[in-house]
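Visitor: what follows is a predicted protein model with its sequence.
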Amino acid sequence: MSAPRPGLAELAPDRLPDGVLAVVRRSCPTCSLVAPVLAQLAGAGVGLTVWVQDDPSFPAGVAGVVDDTGLELSYRLGVTTVPTLVRVEGGREVERLEGWDRAGWERLTGVGDLGPGLSGFSPGCGSMTVEPGVADELAVRFLGPALKSRRVDLGRLEDEAEAMFARGWTDGLPVVAPTEARVLRMLDGTRRAPDEVVAVVPPDQVPCTVEKVAVNAVLAGCRAEYLPVVLAAVEAACTDEFNMHGLLATTYFSGPVVIVNGPVALAVGMNAGLNALGQGNRANATIGRALQLVVRNVGGGRPGGVDRATLGNPGKYTFCFAEDEAGSPWEPLSVERGFGPGASTVTLFAGSGVHGVVDQLSRTPESLARSLALALRAVAHPKLALGFDVVLVVSPEHARVFKEAGWDKARLRAELDGLLTVPGQEMVRGAGGVAEGVPEGFASTSLPKFRPGGLIIVHAGGTAGLFSAIIGGWVSGPTGSEPVTREVGS
Amino acid sequence: MRGTEGEDGRVVLDPTGELVPQSRPRVARPHSLDGLRVGLLDISKPRGDVFLDRLAERLSARGLRLERYRKPTFTKPAPVDLRHEIATNCDVVIEALAD
């Protein structure tokens, strides 16, 4: 039996008829089979009530039949199978059985010798409330009114996609129309109540409910099972440490990058392998997009408004990928950041696009680390230091070099930190004939390129290609953005 | 799909924050700074202080009373307390952005 839809508990009938309640439909062979049993119960003084879904004349000769051809009672009770037998005391359900099971029915009703001559057991049929199409319609009818978002009536002559562009709801690509049915199906992806506030979304500082996230997840093209990941991403993005407000407002390239760890990535079909940072995977594409649409639509953050990016980057449509944990020689990012090995998490990073690193010749970890350090030095500018974090995405073929040499992640990071500590005289303003650089006062010292904790290493990518990727950050630390990790809930 | 179509078309849910902003008139710009309390707000961008120091020099020379303020970081909105302090103590404020 599937669990009742979230929120259904509040929709259950306030007071059920005391005694025994049977929910049936004539078109179900098991219900027809037990029609004589229902007649037996009607005469046994147990207080029988029958709700019938398709034919109010069924079962023949039984008093107390209630017409539920509108399916409201069945839906509100969360019936998924017929026959369903419920014992009610004080107006409340105390026990429920599905299908025909003589022993169970005798126990529940307290009446012996039920259905003599019938086989003792027969599984039921699907309730009419769960038939394809009907379930959506009932959800809209009975759960729809609980949704609080304003209803927008698109004109019959309006093209749906054009209508949503015209209202400013899109990032420049078409979106899926957030009908009540689609939003309700999206909400099936979480146990959280639709009216629960997830986060206060900048720049307009708007309290954002689970429902509003779901509406935007529909727009983005998400499946319901992605919703918990989107919710966690919205929560992480809207923390003071991550500073989505500043990340949006900056003239710099950056936007939120979502890195997913743990079993949820596999469960929802995310891509951590070939083309992990690219297009083509629905979960990767739409989870990152949903976060951006929440910022745009709920928070009011739009290019040319509070978003002042000089150039931006294509990752501001969506930038979300999973770490390849199964193929990694190292512990997952989530574990490094303090979560248990089985935890599903999202880590939000203020990232500025992808810079590729080629090294097809290094066969020793020392050589490859030097290669990566050379490339990492270029984050933001080779003569700037400490202001920007970075995510280094090591691909399987590069990771293999470190694995075979026995370098763990800490070793690689320590080597890179050493290689990336540069004499200040090379970095100061004017050095090398370049005006940009760190202030002259650093000339007599050495400078680490990244602050402690500012070099994040993950493993992802296809199995062919001696390449890795650098995702440069934005203003790092308390001044700008701290990477933030949140566990994905249910 | 039934339940999603209104009389005239399709009903969708508003994905926005559904804010209803209230307009409030701005304080009129003063014709002169004479006698006004002037706030200088440094948003903590590099070299913003260079600009504000020079402004302070010029305005002090005109005998104006100045108050200096500084945001903790340029990447976040000014804290509420800071905004309140400026609004309480100043008639006008000059916010400097530099790089």
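Guide: Everything's here; your move.
Visitor: buried residues, the longest helix anywhere in chain B. List them.
Guide: Scanning chain B for the helix with the most residues, using DSSP state H, yields helix B:48-61. If you call a residue buried by 16 or more other C-beta atoms under 10 Å in any protein chain shown, then helix B:48-61 has these buried ones: B:48, B:49, B:51, B:52, B:56, B:59. Yep, even glycine has a C-beta here, placed from its N, CA and C like the rest.
Visitor: my guess is the last one contacts residue B:33. True?
Guide: I take that to be residue B:59. Yes. Using C-beta atoms under 8 Å, residue B:59 is in contact with residue B:33, at 7.4 Å.
Visitor: where does the stretch 351-490 of chain A dip in pLDDT?
Guide: Within the stretch 351-490 of chain A, no range satisfies pLDDT under 70.
Visitor: what segments of it are helices?
Guide: Using DSSP state H, counting those that start in this stretch, the helices of the stretch 351-490 of chain A run over A:365-376, A:396-404, A:409-419, A:424-427.
Visitor: any part of the shortest one near chain B?
Guide: Meaning helix A:424-427. No. Applying C-beta under 8 Å from any C-beta of the partner chain, one finds helix A:424-427 out of contact with chain B, separated by at least 15.6 Å.
Visitor: next, give phi and psi for residue 83.
Guide: Using chain A here. Main-chain dihedrals, residue A:83, degrees, to the nearest 10: phi -70, psi 150.
Visitor: so how many other residues sit close to it?
Guide: Applying other C-beta atoms under 10 Å in any protein chain shown, we find 27 residues neighbouring residue A:83.
Visitor: ok, it - contacts?
Guide: Neighbour list for residue A:83: A:22, A:23, A:24, A:28, A:30, A:31, A:34, A:98, A:99, A:100, A:124 [criterion: C-beta atoms under 8 Å, 6 or more residues apart in numbering or on different chains].
Visitor: residue ranges of each domain in chain A, please.
Guide: Segmentation of chain A into domains, based on automatic domain parsing, reads A:8-144, A:180-487.
Visitor: turn these into a markdown table, including distance to residue A:161.
Guide: Shown next, in a markdown table, are the domains of chain A (distance: least, C-beta to C-beta, whole Å):
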| stretch | distance to residue A:161 |
| --- | --- |
| domain A:8-144 | 21 |
| domain A:180-487 | 11 |
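Visitor: quick check: mean pLDDT of stretch B:56-70?
Guide: Mean pLDDT, computed over stretch B:56-70, is 95.
Visitor: from start to finish, how long is that stretch in a straight line?
Guide: For stretch B:56-70, the first-to-last residue distance is 14 Å (C-alpha to C-alpha, to the nearest Å).
Visitor: quick one: it near chain A?
Guide: No. Using C-beta under 8 Å from any C-beta, stretch B:56-70 never reaches chain A; the gap is at least 13.0 Å.
Visitor: now residue A:100: how far from chain B?
Guide: Per C-beta to the nearest C-beta, to the nearest Å, residue A:100 is found 33 Å from chain B.
Visitor: which residues touch the nearest residue to residue A:327 once chain neighbours are set aside?
Guide: Closest residue in space to residue A:327, ignoring its immediate chain neighbours: residue A:396 at 5.6 Å, by C-beta to C-beta, 6 or more residues apart in numbering or on different chains. Counting by C-beta under 8 Å, 6+ apart, residue A:396 makes contact with A:324, A:327, A:459, A:461, A:462, A:463.
Visitor: swap in residue A:46?
Guide: A:19, A:20, A:109, A:110, A:111.
Visitor: neighbours of whichever residue of the stretch 201-350 of chain A sits closest to chain B, just the number please.
Guide: Residue of the stretch 201-350 of chain A nearest chain B, by C-beta to the nearest C-beta: residue A:246 (3.1 Å). Residues near residue A:246, counting by other C-beta under 10 Å, number 23.
Visitor: what lies in contact with whichever helix or strand it is part of?
Guide: Element membership for residue A:246, per DSSP states H and E: helix A:244-249. Contact with helix A:244-249 is made by A:201-203, A:237-238, A:254-256, A:295, A:299, A:301, A:306-308, A:350, A:474-475, A:480-481, B:73-77, as judged by C-beta under 8 Å, 6+ apart.
Visitor: of all the residues in the least confident helix or strand in chain A by mean pLDDT, which ones are buried?
Guide: Every helix and strand in chain A was compared by mean pLDDT, DSSP states H and E; the lowest is helix A:134-138, with a mean of 89. Using 16+ other C-beta under 10 Å as the burial criterion, the residues of helix A:134-138 that qualify are A:135, A:136, A:137, A:138.
Visitor: wait, what's in contact with the closest residue to residue A:224 other than its chain neighbours?
Guide: Leaving aside its chain neighbours, residue A:224 sits nearest to residue A:189 (3.3 Å; criterion: C-beta to C-beta, 6+ apart). With contacts defined as C-beta under 8 Å, 6+ apart, the neighbours of residue A:189 are A:214, A:223, A:224, A:225, A:226, A:227, A:228.
Visitor: ranking these by neighbours, who comes first?
Guide: residue A:214 leads those on contacts (other C-beta under 10 Å) with 32 neighbours.
Visitor: contacts only, for that one.
Guide: Neighbouring residues of residue A:214 by C-beta under 8 Å, 6+ apart: A:183, A:186, A:187, A:189, A:190, A:194, A:227.
Visitor: got the CA coordinates for the helix or strand harbouring residue A:286 in CSV?
Guide: Element membership for residue A:286 (DSSP H and E) is helix A:282-293. The C-alpha coordinates for helix A:282-293 follow below in CSV (Å, rounded to 0.1, in the frame of the first residue of the first chain):
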residue,chain,number,x,y,z
ARG,A,282,17.5,16.1,-16.6
ALA,A,283,18.3,16.0,-12.9
ASN,A,284,21.5,17.9,-13.2
ALA,A,285,19.9,20.5,-15.5
THR,A,286,16.7,21.1,-13.7
ILE,A,287,17.8,21.0,-10.1
GLY,A,288,20.3,23.8,-10.7
ARG,A,289,17.7,25.7,-12.8
ALA,A,290,15.0,25.4,-10.2
LEU,A,291,17.3,27.1,-7.6
GLN,A,292,18.0,29.9,-10.1
LEU,A,293,14.3,30.3,-10.8
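Visitor: buried ones in it?
Guide: Those would be A:283, A:284, A:285, A:286, A:287, A:288, A:289, A:290, A:291, A:292, A:293, for helix A:282-293 by 16+ other C-beta under 10 Å.
Visitor: and after that helix, which helix or strand comes next?
Guide: Next in sequence after helix A:282-293, counting helices and strands by DSSP H and E, comes strand A:320-322.
Visitor: all helices of chain B, in order?
Guide: B:48-61, B:80-89.
Visitor: Throw the ones you listed into JSON lines and include distance to residue A:48, thanks.
Guide: Output for these, formatted as JSON lines (distance: least, C-beta to C-beta, whole Å):
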{"stretch": "helix B:48-61", "distance to residue A:48": "80"}
{"stretch": "helix B:80-89", "distance to residue A:48": "64"}
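Visitor: mind checking which of those helices is nearest residue A:485?
Guide: Closest to residue A:485 of the helices of chain B, according to C-beta to C-beta: helix B:80-89, at 28.0 Å.
Visitor: so that closest one, near chain A or not?
Guide: No. Applying C-beta under 8 Å from any C-beta, one finds helix B:80-89 out of contact with chain A, separated by at least 11.2 Å.
Visitor: buried sites along that helix?
Guide: For helix B:80-89, a neighbour-count test (16+ other C-beta under 10 Å) marks residue B:86 as buried.
Visitor: sorry, back to before: elements contacting the helix holding residue A:286?
Guide: For helix A:282-293, the packing partners by 3 or more C-beta pairs under 8 Å, 6 or more residues apart in numbering or on different chains; DSSP states H and E come out as helix A:210-220, helix A:227-237, strand A:255-261, strand A:320-322.
Visitor: got those as TSV, with mean pLDDT columns?
Guide: Shown next, in TSV, are the helices and strands packed on helix A:282-293 (pLDDT from 0 to 100):
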stretch	mean pLDDT
helix A:210-220	98
helix A:227-237	98
strand A:255-261	98
strand A:320-322	98
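Visitor: out of those, which gets nearest to residue A:142?
Guide: Taking C-beta to C-beta, helix A:210-220 is the member of the helices and strands packed on helix A:282-293 nearest to residue A:142, at 15.9 Å.
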